[in-house]
Structures are given as C-alpha cells and as structure tokens.
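Colleague: Fold the following, please.
(chains A and B)
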Protein chains: 2
Amino acid sequence: MINKHIGPQTVALASPPSVVAFSNIGGKLESKGPLAAYFDELSQDSFFGADTWEKGESVMQERVLRRALKKAGMEARDLDYVLAGDLLNQCIGTSFGLRSFHIPFYGLYGACSTMGESLSLGAMLIDGGFASFIAALTSSHFCTAERQYRMPVPYGNQRTPTAQWTATAAGCCILGAQGDGPYVTHVTCGRIVDKGITDANNMGAAMAPAAYDTLRAHFQATGTSPADYDLVLTGDLGALGHEIVTDFFRQDGVDMTKNYRDCGMLLYDLEAQDMHAGGSGCGCCAATLNGYLLGGMRAHKWERILFCPTGALLSPVSSSQGQSIPGICHAVCLSNTK
Amino acid sequence: MINKHIGPQTVALASPPSVVAFSNIGGKLESKGPLAAYFDELSQDSFFGADTWEKGESVMQERVLRRALKKAGMEARDLDYVLAGDLLNQCIGTSFGLRSFHIPFYGLYGACSTMGESLSLGAMLIDGGFASFIAALTSSHFCTAERQYRMPVPYGNQRTPTAQWTATAAGCCILGAQGDGPYVTHVTCGRIVDKGITDANNMGAAMAPAAYDTLRAHFQATGTSPADYDLVLTGDLGALGHEIVTDFFRQDGVDMTKNYRDCGMLLYDLEAQDMHAGGSGCGCCAATLNGYLLGGMRAHKWERILFCPTGALLSPVSSSQGQSIPGICHAVCLSNTK
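Modeller: Numbering: from 1, shown residues only, chains lettered A, B, ... in the order given. Below is the predicted model:
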C-alpha cells in the first residue's frame, strides 16, 4: 500500500482529482457585494420560494447541486457520493436538501470548515479508487443561523464590532478522477484547537489559532511558503481573525501580507455594507470558492491557491455551560497543474 | 487507478483494514442490561464526573478513546485521523470530548448511523493509503438527547409504545493497515430514504426503509444473502423497525429470520427494563459493536458479520415545520478472514 502521507496531517494525492463543475447561489446581501458577478444565482427572496427559512436553506442546497450536475452534463446517479453538511442542528439543510437525489451520502459536521472537509474527503475517496465522481457542498443562511445561534431576527439584536454576518449562500463542487482541472493536489486535515476564547461574538479570534495550526502544518509538510501560492485563503475569519493569523506568522518570520485573503472579507464590502468584521457561515467560503475563485483559476488569474476554511465547533449549549470555543481548519491545495 | 466499486453503493477494500483495538462505556441502565459483561466501563453516575450531562457525554468520548488507545498500546499522536460525531447540536459531545487529543479530526453527522459512517470512511482512508491508523467513535446520552429532542428529563414525559430509549453509551474502534482482524472487507454507503413517516416517537418505522435500501444494495453488489453472514445487525431500529425490515425482505423472498438482530434489542431486556421498542442513539450500536460483537468475533463465536447502523436525519425544527423523517443506513462487513 502506498503511503500518501507527506507529513503528520498532510497527504499528497497520487492522481490529483479534478474539478469537473462548480456552482453557487446567494441571497440579497450577496447580490450587493463585490462578488455578485461571480454567482450563478442571486435571490432577493430570503425564503427561496419555501415557507420557512430552514426549508429555504435546503432549497439552496438542492439548486446548487442540480446546477453543478447540469454544468457537468451529469445526472445524480453518476455521482458515487455526495459529502455535505451545514450549520443547522442535525444538519437539516443538507438532509432535506439532498433527499430527493438518492445519491450515496456521507454527512459531515465541520461547522464553517465543511467546504474544506468535504473537498478533502471527496478527493481522497477518488484518489483511493472508491469513486469516479463526488459532489462536495454546503450552505448557510443568515436567518436560520441567527435564530439558532443568537436571537430571532425580528428582535433586531445589536451586533458588536467583532461580530460577523452569516452568509446566505451555498456552493457545490463536483470532483472527478479525470478532468482539465483545477486539481486537488494536497489536503491537510485540521486538529481541534481551543485557546480559551469564550466570546461567541468574536469567532475570528476563536478560529484563528486553528487556521494558523493547519497552515503551518501544510507549509511544513509540503516545504512551501505563502509565496508558493497565488492566493492563500481562510474561510471566514473576518478582519480580526485575518489580522491574528498574519500576526502569528509574522512572529515566525513568515510574510502573509502579500497574498493572504479571507473569504469573509471578499464576499462583502465591509464598510459600505456595514458588515462589521466580515462574512461567515459555511456558505461564505463555499460560494466564494465555487464561483469567484475556481472561475479565476480557470481564467488563469491564479494558478495555485490554498483554500483553508475554518470552523468554530461550539453550540449555544456549550457557550451557556461556560465552555470556550474550539476551532478547526481544513486546507485544500488547488492547482491548475497536477 | 483501481476502481474498488463492486456496485453502485458498495466498495470492496483491496487490503482490508484490521480492527486493532476497541472499547466501550455505558451508564446505569446499560449496566442492568444483558450486555453488561461486555462493557469496559459502566458508570452509575449519569454525569460521568462532570457538572452537566453534555460535558458528561464528552467525558464518555474522551474515556473510550483513551482506553482504546491504551489497549492498542498507542499514543494519540499515532492516529492519523479520528472520525467521530454525535447527536448533540453541533456535535459538541465530540468536539469537546476530543479537543485535548490534538488528533487530525474529520467531524461527521450521520445521526445514529455514525459508527457505520466513521468505520466506512476510516477503512477507505486506510485502504487508499492516506492513513496507517484511524479511530472511529461516537456516543449518545439519554439525558442530553431527551432534553434536546423531546422534553426535559425531570418532566417525566410519558412515552408511546413505539418509542425507543437513547442509550447512554459510547464506543470506539481503532482500525489499522495491519493487524489480526477482524477486517473491514466491504462498505456500503447509504442513500437518504424518506417514506413520509412523521411520528418522531416511531423512529424504527422511519429508518427501516433506509436499512432495507442499504442491505439490499449490499447483498446485490456482493452477491451474498443473509445466510452468508453469521449475524446481520441493524443499529437501533428497535422491535418495530426490525419487524418491518424482516417483512420487506420476506416480500423479496429473502429470509431474515435466522440471523438478523438489532442492537437496540440486544442492549436491553426490553420487557424487564420496560424499554418499549428498544434502545437507540449513536452509542447503542457503537457500544454493542465495540464490546459484545467484536469480542465475539475475536472469540470466533461469529466469523463474519454485517453491521448496519441506521440514522434518522430529523431535528425538532424539521418536525415542527411538518417535515417527515429521512433515514440513512451505512453497512460495514467485518470478517475474521480477509
């Protein structure tokens, strides 16, 4: 058996799986942000035609998978697996969004790291010979997340400066054993990191140590530095978390200032849209990847990116019981060359 | 690239990974059930020494992983991945239970199918060359599940005859690329199946169609029938779900009456312990597998078993919004010979 591990958390794919098709969907605020032109669909209806926001989130997952399949010229039965999850309790955005497709399904919970986790596991299933095609997808919805994690939306709860805005968005990526790229060349699996942050309105600070931990592991295992990538992206650390990661690496003598971005800072115009620290939610980096980023790679704007979604593994119950906020980050290297 | 698919949902592992060690833990009612002798640890304290039940559930996961590592003569750093999840919102049983180990972590949400999902993905990661050792684990806790899904425990809510009892238990299995077995020879990935059952007190009926779907796919792909296994086990369908699955197969001319059991009917004495339809929860089949079943295989009581945990992918929110209950079932074939 070939050992594909090149470091304690990192594997190099022997036959890097290819992106076959990708799709995204967003809501009203995403339609007013700087990445609006990179969406397949933007809805002004926060219910997406359904009668509750939770059902609307499922509609997003259903549509984004259906569109990705169409772009790939595939039917649902052509997929060997779908790997997906979301932020809702018991991941109902996913289970109800996908139930009509009848695709073999592995449900994931990685909080906002789900797009990285689903791509990682999907790429390994293909490279291991267990699948020809997989779909990786996730979603988030401002209104479902807000009432589950914080306050019912009609309360008009005031937000702190470090707070982030959960994106109403979903993204889907179909990977295949064959294709013209971009290719998944490496994946780095994150560890749970908890530095004791307890402020649930400051997720950026809670998740930044996990991003640092995974990025450092990835750079070490692959013998690369940020300069070897056209872009290094975290998922939704926001402005504060982005600054913390940059600072951590500065202390190691590693310069992240040139090409390190955070999807939570790309999806919205933080000032003009009054987004405080930036976007968040599984859908934030999923929609950014499966539109702006993969589209840019196909247009050769970027040749190699390191995509590193971060997740905060808390719940309202854990916070109310005085627990701090564990974070995790999964890194995926996407390259136009194998 | 070798294609290891032998059917639409089923793969045969090229180098079947081996069980290296296993461990389980249970609570008070489990200590009074017929499988009590097959537990590594039984606690009369429902808090497991912690100050809340949720923290107690995390303690179960922590202890069961620590004990499995000890039995294997391994350190946490020897594991390439841990694959785990639980029933709690945002899977906090897992994230807080595992955070002190610093093992690369992929979080799963498969409801009560999690033990099957974690073994399946773990076996494929090893067989694909991505890992030498993985740990698959999950837990459930009667008191955390009851107050999250139904009513606060002190209400003394009356239960319907079809209701099941969430096991307070956890199980962990360490798989390795080398070992003396039992071996994971095949895995069959389930599809989401929803036949429109809406009664959240009748999970057995809701999940039985998913179990039938996965078992049928497995038998077809492998060219086997129930008679080819010493035991065929579902996870926690309980008495009613067990009867439904048996009936479905009877209609196909397949006899399940000889060796088909359900872990929810093994863990407790349904009559004497007033368990209604039987045990449920991720921990029910996880604790049964990682004690009674794997122990029995090592003692050559059984040589080949088909382990098929089932999950109900609902939430209280989906039920209150009038949604039916989607089910899923993941099958894992364990054999003493490769």
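Colleague: Show me the helices in the stretch 151-300 of chain A, by range?
Modeller: A:203-222, A:238-251, A:263-266, A:282-287, A:294-298 (DSSP state H, counting those that start in this stretch).
Colleague: Alpha carbons only: can I get the fourth one in CSV?
Modeller: Listed next in CSV are the C-alpha coordinates belonging to helix A:282-287 (Å, rounded to 0.1, in the frame of the first residue of the first chain):
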residue,chain,number,x,y,z
CYS,A,282,-20.4,27.6,5.7
GLY,A,283,-21.8,29.3,2.6
CYS,A,284,-19.4,32.2,2.8
CYS,A,285,-16.2,30.4,1.6
ALA,A,286,-18.3,27.8,-0.3
ALA,A,287,-19.9,30.4,-2.6
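Colleague: Is that helix in proximity to chain B?
Modeller: No. Taking Cβ under 8 Å from any Cβ of the partner chain as the criterion, helix A:282-287 and chain B are apart, separated by no less than 12.0 Å. Placement of C-beta: from N, CA and C, glycine included.
Colleague: what does that helix rub up against?
Modeller: Helix A:282-287 is contacted from outside by A:24-26, A:30, A:35, A:39, A:60, A:85-87, A:111-112, A:114-116, A:137-141, A:166-172, A:233-236, A:263-264, A:267, A:307, A:309, using Cβ atoms under 8 Å, 6 or more residues apart in numbering or on different chains.
Colleague: so which of the residues you listed also contact chain B?
Modeller: A:85, A:87, A:111.
Colleague: circling back: deepest of the helices of the stretch 151-300 of chain A, which one?
Modeller: Comparing the helices of the stretch 151-300 of chain A by mean neighbour count (mean count of other Cβ atoms under 10 Å in any protein chain shown), helix A:282-287 comes out on top with a mean of 37.
Colleague: gap between it and the chain center?
Modeller: Between the centre of helix A:282-287 and the centre of its chain there are 5 Å (Cα atoms, centre = their mean, to the nearest Å).
Colleague: Now do it, average pLDDT.
Modeller: For helix A:282-287, mean pLDDT is 98.
Colleague: Please apply the same query to stretch A:301-314.
Modeller: So the average pLDDT for stretch A:301-314 ends up being 98.
Colleague: What residues of that stretch count as buried?
Modeller: A:302, A:304, A:305, A:306, A:307, A:308, A:309, A:310, A:311, A:312, A:313, A:314 (16 or more other Cβ atoms under 10 Å in any protein chain shown).
Colleague: Show the buried residues in the contacts of helix A:282-287.
Modeller: For the contacts of helix A:282-287, buried by 16+ other Cβ under 10 Å: A:24-26, A:30, A:35, A:39, A:60, A:85-87, A:111-112, A:114-116, A:137-141, A:166-172, A:233-236, A:263-264, A:267, A:307, A:309.
Colleague: Show me those residues that map onto strands.
Modeller: A:24-26, A:85-86, A:137-140, A:166, A:169-172, A:233-234, A:307 (DSSP state E).
Colleague: coming back round to it: go through the buried residues of stretch A:301-314 and name the one nearest chain B.
Modeller: Nearest to chain B out of the buried residues of stretch A:301-314 is residue A:313 (Cβ to the nearest Cβ; 3.6 Å).
Colleague: so what's the closest one up against?
Modeller: A:111, A:192, A:325, A:326, A:327, A:328, B:90, B:91, B:92, B:95, B:107.
Colleague: Let's see that with 10 Å instead.
Modeller: Residue A:313 sits next to A:109-113, A:192-194, A:206-207, A:210, A:325-328, B:90-92, B:94-96, B:98-99, B:105, B:107 when contact means Cβ atoms under 10 Å, 6 or more residues apart in numbering or on different chains.
Colleague: C-terminal to the helix or strand hosting residue A:96, what's the next element?
Modeller: Using DSSP states H and E, the element containing residue A:96 is helix A:92-98. Going down the chain from helix A:92-98, the next helix or strand is strand A:105-107, by DSSP H and E.
Colleague: Can you name the residue of the stretch 1-150 of chain A nearest chain B?
Modeller: residue A:128 (2.3 Å).
Colleague: Against residue B:4, how distant is that residue?
Modeller: Residue A:128 sits 8 Å away from residue B:4, going by Cβ to Cβ, to the nearest Å.
Colleague: what's the overlap in contacts for the two?
Modeller: B:11, B:13, B:14, B:124, B:127, B:128.
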